[in-house]
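>>> whatever this is, show me its structure:
(2 chains)
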Amino acid sequence: MLLNPKLGFTKMKNLILSLYRYDPEKDAKPYMADYKIPFNNDKGMMVIDAIRAAQEIDPTITFRRSCSQGVCGSDGVNMNGQNGLACISSVANYANSGRLEIRPLPGLPVIKDLIVDMKPFYEQYEKIKPFLDNNENIDTGHERYQSPEERQKLDGLYECVLCACCSTSCPSFWWNPEKFVGPAALLQAYRFIADTRDKQKIKRLKELNDAFSVYRCHGIMNCTSVCPKGLNPSKAINEIKKELRKIG
Amino acid sequence: MKIGKIELTQKDFDVLIIGGGGSGLRASLEISKTGLNVAVVSKVFPTRSHTVAAQGGITCAIASADPNDDWRWHMFDTIKGSDYIGDQNAIEYMCSEGPEAVFELEHLGLPFSRFENGRIYQRPFGGQSKEFGEGGQAARTCAAADRTGHALLHTLYQANLKEGTKFFNEWFAVDLVKDAKGNVNGVSCFDMETGEVSILKANAVVLATGGAGQVYEQNTTSLICTGDGLGMVSRSELPLQDMEMWQFHPTGLYGNGSLMTEGCRGEGGYLINSEGDRFMPNYAPKAKDLASRDVVSRCIVQEILAGRGCGDKKDHVLLKIDHLGADAIKQKLPEIREISMTFANVDPIKEPIPVVPTCHYMMGGIPTNVNGQVLKTDDLGKDIVVGGLYSIGEAANVSVHGANRLGGNSLLDLVVFGRAAGRHINESITKNEESILDRDSVENSVEILNRLLESKKGENVFDLRKKMQNVMQTYFGVYRNEKLMQEGINKLQEINRLSKDIHLRDKSNQFNSERVEILEFLNLLETANATAYSALERKESRGAHAREDFPNRDDNNWLCHSLYQKNGNKVSKRDVNLKPISVDAFKPKARVY
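Numbering: from 1, shown residues only, chains lettered A, B, ... in the order given. The predicted model follows:
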């Protein structure tokens, strides 16, 4: 039952896990190193399990991890050229070639091995003021009302786990990480623009209304195709563009 | 300051919060508003904390699903759920303050699901009742689909950004630092990115370090749930309370351990055995699949032992929700469907989900009062407040969960007591108050770091960790007995001995993950020891602690907390609070669902 009939029953006995290695304290430049990992799909082996197995061989291997079930967003990496979360990516997906190359998320400075400097990413998140702005008529003895239809506008927006898979797959973010807000933070910008409880919609839009913040998005849609949570930042960006046209 | 091979820098704050999960962020938010100099130290970026994984919701009598709901009913359910060793004053505080704390979350922007009338959506959860158990099933768990923890944690992080809270993200706290009088006034920690070690000094230190589910092989918890605060407290010769009480969630995903929220059963799902029979009504005729978690977990184990387990190995049961319909599943349980499809290749819209009881929550922890102040006891058993030290959330034992936590009460615990500790600190800590670091205490607090740097050969952390997890799983699981536990303790002693020779192979400074793994393992081992000795000592069955050799509850001898002391592995008793603040005490009675 745990084997995916489409992927399982593979003959693969070992996975060759090729990891991007770089230790700033001793390496002049990064290199790829291969580790032979016994493949065991009885429990649905995930890429995180393979990396942890490699760590047991070489404890100097470094990556970020926490929940290991795709909700905390720690372990975004680039697997055979595609960004995703290591903990919800099945090793069986790579059974055909028996080889998996893992590199850090592209476009952010590498600190060590698979760990990138997330500061530029978080700075864009903070820039869009990701918090509800509404101090009107707060009654400590009651919640604010919101209809199910109004609430539904937040579905597909609030679930973001800030893994940075989308922004680091976006060429516009690679070229302008300081000026282009990037798909993840724009998704969150729209999450607050769309929230009927927020009172700063116009201010939020005005702060995005320049040549770079939103308009560096050229609709390439890498963000949407890689999002491990199945969200659609591209659609949210288009909604922001529509709203921006309304305010002129 | 240089100690051994380590160069220390010092930074001063009024308040330090160790841990950036739900309770830590709620406390920091409360304190940030007042102008005290507060910093949050977190070993992960805050939204990676384990609160993010909570699914079903936050239980609270906000009277949305039922306008007549009453926090006293919630209080009764919680006390009964705790099998009467939850402190009634703390439970009253949590249940009565709860609504305000939940409305605050909504005001901060938490995207709760909604009823047609615009109020917060509430779903039924296990152990919930109306009219003090007489009025049938209640629906009291406020939810944001099945991603309530994610929504809550992100909302609190966002609110802290708005208030300008100072964060030390990816900093690992090692040990407590005390002044000459024994009051806590700082922590030793290091910046994981650079490896630089600091003493962060403060007049109040709040341990909001979460649980320690990683002591068990099969658990629903994040890899970071390693009992760091418990290790720090235990090494400071302070006690840990009710550590034998571990919640095994009835529905961990078989083979992988991911949580399948109780909300699945709350929304109408139920458990079936290999014969396709719905078995819970045989055990709990009234509450059925929504009996308390300890009860349901034991029933599943009994079904498996009776040969009615599912699969080739007959070692799990099935959670059926397909009859709820595709729309309801997609709308109310989307994350469950995603996790089930990813890890078990089962689409719950079409077929039932394989599940098995899995370690989920630590009821025990660092004993505190309702202000979050950490307690120890004197020789006569009287409570004494430990100066400068607070604890909240899963790390703490205030105690609202007693011997078994009800679903949805952990998120409530986080925000109610995070807020309470914040308020108490705001009232009792003065800005820029001076205290003096004690040199011996500082030296002790970095001793382990020096020892690891000097290690040349020895034990491998990955092997020791696996051994410990295996011992806990085998000898301290759902059912326990003296012989089994004594054997487990012997094996743990061996692991303790080996851990003295643990070897750090990687001596690098920057993002040294082996160093973190070792420190986490040592904290887990403190937790495991506390659990083992407390479990052996409690000679009765109560809540999650089920003993085959003492199958009944023994209120004459054990209507009390257990207190574990690392020194000599001693376990003593501490009174349960049976005096609520404004209502009559709930007298212990037989616990049937």
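
>>> name the SS class of B:K431, please.
coil (DSSP: H, G, I helix; E, B strand; the rest coil).

>>> so for it, what's the pLDDT?
Looking at B:K431, its pLDDT reads 77.

>>> gap between it and B:V206?
Using Cβ to Cβ, to the nearest Å, B:K431 is found at 17 Å from B:V206. (Each C-beta comes from the backbone N, C-alpha and C, glycine too.)

>>> more neighbours: which of those two?
When B:K431 and B:V206 are compared for neighbours, B:V206 comes out ahead with 34 against 11, by other Cβ atoms under 10 Å in any protein chain shown.

>>> check contacts around B:D175.
Residues near B:D175 by Cβ atoms under 8 Å, 6 or more residues apart in numbering or on different chains: B:187-188, B:232, B:235-236, B:444-446, B:448.

>>> B:A61 against B:R140, yeah?
Yes - using Cβ atoms under 8 Å, B:A61 is in contact with B:R140, at 6.1 Å.

>>> three-state assignment of the residue nearest the centre of chain B?
For chain B, the residue nearest the mean C-alpha position is B:E394 (3.0 Å; Cα atoms, centre = their mean). Three-state call for B:E394 (three-state DSSP): helix.

>>> quick check: closest non-adjacent residue to it.
Closest residue to B:E394 apart from its sequence neighbours, by Cβ to Cβ, 6 or more residues apart in numbering or on different chains: B:G211 at 4.0 Å.

>>> give the contact list for the one you found.
B:50, B:221, B:225, B:227, B:361-362, B:394-395.

>>> do the same with B:R574
B:R574 makes contact with B:241, B:367, B:377, B:381, B:383, B:560-563 under the criterion Cβ under 8 Å, 6+ apart.

>>> which pair of those residues spans the longest distance?
Longest distance between any two of those is 15.1 Å, between B:D383 and B:S562; criterion Cβ to Cβ.

>>> now the buried members of the contacts of B:G211.
The neighbour-count test (16 or more other Cβ atoms under 10 Å in any protein chain shown) marks B:50, B:221, B:225, B:227, B:361-362, B:394-395 as buried among the contacts of B:G211.

>>> which parts of the helix or strand hosting B:R465 are buried?
Per DSSP states H and E: B:R465 is located in helix B:461-475. By 16+ other Cβ under 10 Å, the buried positions in helix B:461-475 come out as B:461-462, B:464-465, B:467-469, B:471-473, B:475.

>>> do stretch A:16-31 as well
So for stretch A:16-31, counting by 16+ other Cβ under 10 Å, buried means A:17-23.

>>> keep only the residues you listed that also lie close to chain B.
With Cβ under 8 Å from any Cβ of the partner chain as the criterion, these include A:D23 near chain B.

>>> and the longest helix anywhere in chain B, what does it pack onto?
Determined from DSSP state H, the single longest helix within chain B is helix B:513-537. With contacts defined as 3 or more Cβ pairs under 8 Å, 6 or more residues apart in numbering or on different chains; DSSP states H and E, helix B:513-537 has these neighbours: strand B:171-178, helix B:228-235, strand B:240-241, helix B:447-454, helix B:461-475, helix B:482-499, strand B:560-565, strand B:570-575.

>>> next SSE after the helix holding B:R465?
strand B:479-480.

>>> give the partner strands of that next one in its sheet and their orientations.
Using DSSP bridges, the strands paired with strand B:479-480 are strand B:546-547 (parallel).

>>> any idea of the mean pLDDT for the partner strand?
The model assigns strand B:546-547 a mean pLDDT of 97.

>>> what's downstream of it, the next helix or strand?
helix B:555-558.

>>> may I see the buried residues of that next one?
Buried residues in helix B:555-558, counted by 16+ other Cβ under 10 Å: B:555, B:558.

>>> between B:D383 and B:S562, which is the more surrounded one?
Neighbours per residue (other Cβ under 10 Å) separate B:D383 from B:S562, with B:S562 holding more: 25 against 13.

>>> helices of chain A, start to end?
A:47-57, A:119-127, A:148-152, A:171-175, A:183-193, A:201-208, A:222-226, A:233-247.

>>> residue contacts, B:D146?
So B:D146 contacts B:55-56, B:261, B:263, B:332-336 (Cβ under 8 Å, 6+ apart).

>>> hmm, 6 Å instead?
Shown in contact with B:D146 (Cβ atoms under 6 Å, 6 or more residues apart in numbering or on different chains): B:55, B:261, B:263, B:333, B:335-336.

>>> related to what we said a few turns ago, which residues are contacting the helix holding B:R465?
For helix B:461-475, using Cβ under 6 Å, 6+ apart, the contacting residues are A:56, B:215-217, B:484-485, B:488, B:491-492, B:495, B:499, B:517-518, B:521, B:528.
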